[in-house]
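Novice: Got a sequence here, can you model it:
(2 chains)
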2 protein chains.
Amino acid sequence: MLDCFFNPKSVAIIGASSNENKGGYHILKNVTSGFKGKIYPVNKNYKEILGLSCYPDVASIPDNIDLAIYFIPARELPQTVDECAKKGAKGIIIESGGFNEAGEEGRKLQKRALENAAKAGIRLWGPNCMGFIDANKTHVFSFIHSAVWPDVLRGGNVGLIVQSGMLSAGFLLHALQEGVMGVSKACSIGNKCDINENDLLEYMIKDKETEVIACYLESLVDGRKFLNLAKKTNKPVIVLMGGRSVQGAKAAQSHTASLSGNYNIARGAFRQAGIIEVFDPAELTDIARAFSKKMPCHPGKGTAVLTFSGGAGTITTDLMDDCGLELAKLSDKTLASIAELFPAWNKPDHPLDLWIAIEQHGFEKVFHRSLTAVFNDRSVDSIIFHAYATPLIKQEFFNELGDLIRKHEKPVVLWIEGRKDFAAHLRAQAENAGLPAFREMKRCVTVLKGMKQHFAKKPGK
Amino acid sequence: MLDCFFNPKSVAIIGASSNENKGGYHILKNVTSGFKGKIYPVNKNYKEILGLSCYPDVASIPDNIDLAIYFIPARELPQTVDECAKKGAKGIIIESGGFNEAGEEGRKLQKRALENAAKAGIRLWGPNCMGFIDANKTHVFSFIHSAVWPDVLRGGNVGLIVQSGMLSAGFLLHALQEGVMGVSKACSIGNKCDINENDLLEYMIKDKETEVIACYLESLVDGRKFLNLAKKTNKPVIVLMGGRSVQGAKAAQSHTASLSGNYNIARGAFRQAGIIEVFDPAELTDIARAFSKKMPCHPGKGTAVLTFSGGAGTITTDLMDDCGLELAKLSDKTLASIAELFPAWNKPDHPLDLWIAIEQHGFEKVFHRSLTAVFNDRSVDSIIFHAYATPLIKQEFFNELGDLIRKHEKPVVLWIEGRKDFAAHLRAQAENAGLPAFREMKRCVTVLKGMKQHFAKKPGK
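Specialist: Numbers count the residues shown, from 1 in each chain, chains lettered A, B, ... in the order given. A predicted model of the protein is given here:
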């Protein structure tokens, strides 16, 4: 139903420009860089842009079009919708502002455009948005600066639905540039006059390329539908709501022209629907990234904590307690197996501070033995693993760890501490092997909590 | 009183080694790399290490010594203390383990060593610790791998007191490698059989080189004294307690052999003493880093939020609400001054989403105008500034901003979002100008909350 947006055969860019300081240039540049169908720039001031024939108006395009991207002043939208209708368009992405968020005149324009579109069976995306990116298809249908993409565009399985233009760009860049999370579709929905979070959630739930769904929303168009969709899918749905507080709701209202609902009511309903609630964009991308690794999980028991620092083990245990995660009661067999690597005067306890054993037997042996022991322990459903950043740990170690995770169906979240260069290297190795790794302890705990919450409601992988 | 540790004229290294795989090598290498006094390696297996004469035992050292660093097995400590006494030593840093944390035998050794030291007037640091670093003097009296230091050792005004060996190393490396926080003294206190957090807190309060004090502690030797010291000083004291939870307290007990107190009682007392409480090592270093900039602050009013993204403004406002920070009620004059840069149909509201104005007038003009307006607004006591990562913002901009902060005595905390390379550049510029900058929204809010809490109790700069 949204295929006119995600699989168009032809795209008209209304407001294309050859001026690199204008968004209309970057939309065209972005579309031409990845989209393989027909592209029609529209702007009465140019005959040609980027080697493509440019048309003075939509009517002059010599063929039908599937999709239009609109980036000219708001006042021309209602008429342009009619012109697009005559060319058989099924969808228009309106990236300009000046509509509902801009007072009475804008509201009238948005209403008329919507009426014209409804008559013609055209779906409207936006307005006041940054469009979307399909990273697997390398479709960038957005005015985000075109210089950014060649380095960062990275396909994957995380779908983003973001009700804020600049923030969606920020999210995306941040997530993609970390180089550890690939994106299927990243959608900026703006004023959502027609296409809204429910349309996209429904689409992403069916979309084979999307396995994790992360949303930033400031309002719910139809809360019941949103909850039902989230409830029925086994894909993790992670939501950051903007406007939770009275002050925040006021802020949200002023910039997207939509009323925030009563957040406390939403919260309980979210939890019942299995939605994972987060409070900061970094948390949203952290948890999405962890789910994108597709680690299996069967929650119900405790978490094992392996560390090289007693202090770090203590802090992690405190942070787990803060959010209701329990330390596993390790079996005597597990402790005995790990104790073989310890001196007689210092037997391991849980959290497992492995440093003394590491000093005697080296990282790999101690990590391998103790990880194997906790994987085999029935009281353990998940593992927080503090990896000391050292070049002594090799890629093979993490590959084996990845295999253990899949064999035992217990997720592992890594905290890496130590020299910056070593830590970056270790993190890359871990992520290569399908393990989420963080440099803040609290992130590990928050991420694991989100995973256990999801899999408790929705068993599976 | 602790001058024998921080200003010794001569140091004996008991357990020095020429084997690079041993800590005894790294202690000697670290000491020789920065310490300008006399250095006496002690090890009966060598005649010379790193070009220095090596002595079979302390008795053979041809001169008196101020300080000894002990890195041989625990059982030799009591006798070694006596030998050090004969050489006039005033302090011994015991970096070996095997004492109170290692059962009955270890407890006896620690007790005897302490008795011998008391008789001779020698102060003992540790045992079971990583020693300390004085980054301003480039004294590294620790077995931390010597290859690490040349790149990262950076003097500054933050003092660290850490009751965990490996964690103190991690803290330090992390903080120093970010390249944005300098350290005065970083102290790992281990079992604190003699020198404890109160000794070091008292020293750092008097120490001219230390202006901010950050602690990780798992127990308080004398809670009342700690609180009194913190209460009397105007220097910010930030504390992360390990063992807040029942599970965590059990973990803390097992690795440092000290009982954790009742945390809920401690919490209230901390707040009354003006101590800033944090829950994660990253928070500890974030807040210490912000204080190290010495931004003046007179809390009592609200915070202004300037952003380039309505969504980011909304989330920040929600996060502020979560921790009790209020959005300032900007004056009509302030809003009118900023409104001049906005189109007629879209007047600014608070949080200030400046994007529309930026599109028309560029970053620097809009940022400058709006920052000046909120600095001059009497309802504003602090500013959260979301800076979009663009090369269009220059160093001079941040220098001017730094001047405004000092002139108006209102702190600014930055959130930087956008392309990774631009963001890193912008952050460096901001930090150069004395502004703390973060890449997570929540960090900005947590840091500002900590600052306002401190300055509400302790007016000043």
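Novice: contacts and neighbour counts: CA atoms only from here.
Specialist: Noted.
Novice: quick check, A:Leu160 in a helix?
Specialist: No: A:Leu160: not assigned to a helix; according to DSSP: H, G, I helix; E, B strand; the rest coil it is strand.
Novice: Could you pull up phi and psi at the residue lying closest to it once chain neighbours are set aside?
Specialist: Sequence neighbours aside, A:Ala186 is the residue nearest to A:Leu160 in space, at 4.5 Å (criterion: CA to CA, 6 or more residues apart in numbering or on different chains). The phi and psi values for A:Ala186, taken as degrees, to the nearest 10, are phi -120, psi 120.
Novice: Is the helix or strand A:Arg443 falls within positioned near chain B?
Specialist: Take DSSP states H and E as the rule and A:Arg443 turns out to sit in helix A:441-457. Yes: applying CA under 8 Å from any CA of the partner chain, one finds helix A:441-457 touching chain B at A:441-442.
Novice: again, but for stretch A:288-304
Specialist: No: against chain B, stretch A:288-304 shows no contacts by CA under 8 Å from any CA, the least distance being 12.3 Å.
Novice: per-domain residue ranges of chain A.
Specialist: Per automatic domain parsing, the structural domains of chain A span A:1-127, A:129-292, A:296-456.
Novice: re the thing from before, name the residues that touch the helix holding A:Arg443?
Specialist: A:236, A:274-276, A:283, A:286-287, A:290-291, A:297-300, A:316, A:319-320, A:323, A:325, A:384, A:413-415, A:437-438, B:280-281 (CA atoms under 8 Å, 6 or more residues apart in numbering or on different chains).
Novice: how far does stretch A:57-69 stretch from start to finish?
Specialist: By CA to CA, to the nearest Å, the extent of stretch A:57-69 from end to end equals 13 Å.
Novice: how about the nearest residue to A:Leu325, chain neighbours excluded?
Specialist: Nearest residue to A:Leu325, sequence neighbours excluded (CA to CA, 6+ apart): A:Lys449, at 6.8 Å.
Novice: Let's see the pLDDT reported for that neighbour.
Specialist: Per-residue confidence at A:Lys449 stands at 97 (pLDDT).
Novice: And for the one 3 residues further on?
Specialist: For A:Lys452, the model assigns a pLDDT of 96.
Novice: ok so, going back, give me the number of residues near the residue nearest to A:Leu160?
Specialist: Using other CA atoms under 10 Å in any protein chain shown as the criterion, A:Ala186 is surrounded by 25 other residues.
Novice: what's the answer for A:Asp194, then?
Specialist: As a burial measure, A:Asp194 scores 17 neighbours (other CA under 10 Å).
Novice: try A:Asn7
Specialist: With other CA under 10 Å as criterion, A:Asn7 counts 15.
Novice: before we move on, back to that, hey, what's the residue nearest to A:Leu160 bridged with?
Specialist: A:Ile133, A:Leu160 (DSSP bridges).
Novice: Show me the shaky parts of chain A.
Specialist: A:165, A:179, A:253-261, A:459-461 (pLDDT under 70).
Novice: Would you mind listing what in the stretch 251-400 of chain A touches chain B?
Specialist: Residues of the stretch 251-400 of chain A lying near chain B (CA under 8 Å from any CA): A:251-252, A:254-255, A:279-282, A:308-319, A:321-322, A:327, A:345-346, A:349-351, A:353.
Novice: can you rerun that using 7 Å?
Specialist: A:251-252, A:255, A:280, A:282, A:309-312, A:314-315, A:317-318, A:321, A:345-346, A:350-351 (CA under 7 Å from any CA of the partner chain).
Novice: Pull out the buried residues from these.
Specialist: Buried members of these, counted by 16 or more other CA atoms under 10 Å in any protein chain shown: A:251-252, A:255, A:280, A:282, A:309-312, A:314-315, A:317-318, A:321, A:346, A:350-351.
Novice: which SS class is A:Pro41?
Specialist: A:Pro41 falls in the strand class when you classify it by three-state DSSP.
Novice: repeat for A:Ile13
Specialist: strand.
Novice: Go ahead and confirm it touches A:Asp66.
Specialist: No: here A:Ile13 does not reach A:Asp66: they are 11.5 Å apart, not a contact under CA atoms under 7 Å.
Novice: Those two - which one has more neighbours?
Specialist: Neighbour tally, A:Ile13 and A:Asp66, criterion other CA under 10 Å: the higher count belongs to A:Ile13, 28 against 23.
Novice: which residue packs closest to A:Ala135, ignoring adjacent ones?
Specialist: Excluding the flanking residues, the one nearest A:Ala135 by CA to CA, 6+ apart is A:Gly155, at 4.5 Å.
Novice: Which phi and psi values does the one you found adopt?
Specialist: The phi/psi pair for A:Gly155 (degrees, to the nearest 10) is phi -70, psi 160.
Novice: Surely it touches A:Gly182?
Specialist: Yes: counting by CA under 7 Å, A:Gly155 does reach A:Gly182; the two are 4.8 Å apart.
Novice: out of the two, which sits in the more crowded spot?
Specialist: More crowded of A:Gly155 and A:Gly182, by other CA under 10 Å: A:Gly182, with 23 against 18.
Novice: For that one, list the residues it contacts.
Specialist: When contacts are counted by CA atoms under 7 Å, 6 or more residues apart in numbering or on different chains, A:Gly182 touches A:154-158, A:176.
Novice: now swap in A:Thr210 and tell me
Specialist: By CA under 7 Å, 6+ apart, the contact list for A:Thr210 reads A:157-159, A:184, A:204.
Novice: could you redo the residues you listed as TSV and give each row neighbour count and distance to chain B?
Specialist: Formatted as TSV, the contacts of A:Thr210 follow (neighbours: other CA atoms under 10 Å in any protein chain shown; distance: CA to the nearest CA, whole Å):
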residue	neighbour count	distance to chain B
A:Asn157	25	22
A:Val158	24	19
A:Gly159	29	18
A:Ser184	26	20
A:Met204	22	22
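Novice: Next, the buried residues of stretch A:369-385.
Specialist: Using 16+ other CA under 10 Å as the test for burial, stretch A:369-385 gives A:370-377, A:379-385.
Novice: Just the ones in helices from those, please.
Specialist: Within these, residues falling in helices by DSSP state H are A:370-375.
Novice: ok, back up a step: could you flag which of the contacts of helix A:441-457 are buried?
Specialist: Here, 16+ other CA under 10 Å leaves A:236, A:274-276, A:283, A:286-287, A:290-291, A:297-299, A:316, A:319-320, A:325, A:384, A:413-415, A:437-438, B:280-281 buried among these.
Novice: ok so, going back, quick check: the farthest pair among the buried residues of stretch A:369-385?
Specialist: Farthest pair in the buried residues of stretch A:369-385 (CA to CA) is A:Ser379 and A:Phe385. Separation: 16.4 Å.
Novice: check contacts around the closest residue to A:Gly242 other than its chain neighbours.
Specialist: Closest residue in space to A:Gly242, ignoring its immediate chain neighbours: A:Glu218 at 4.7 Å, by CA to CA, 6+ apart. Neighbouring residues of A:Glu218 by CA under 7 Å, 6+ apart: A:163, A:241-243, A:252, A:260.
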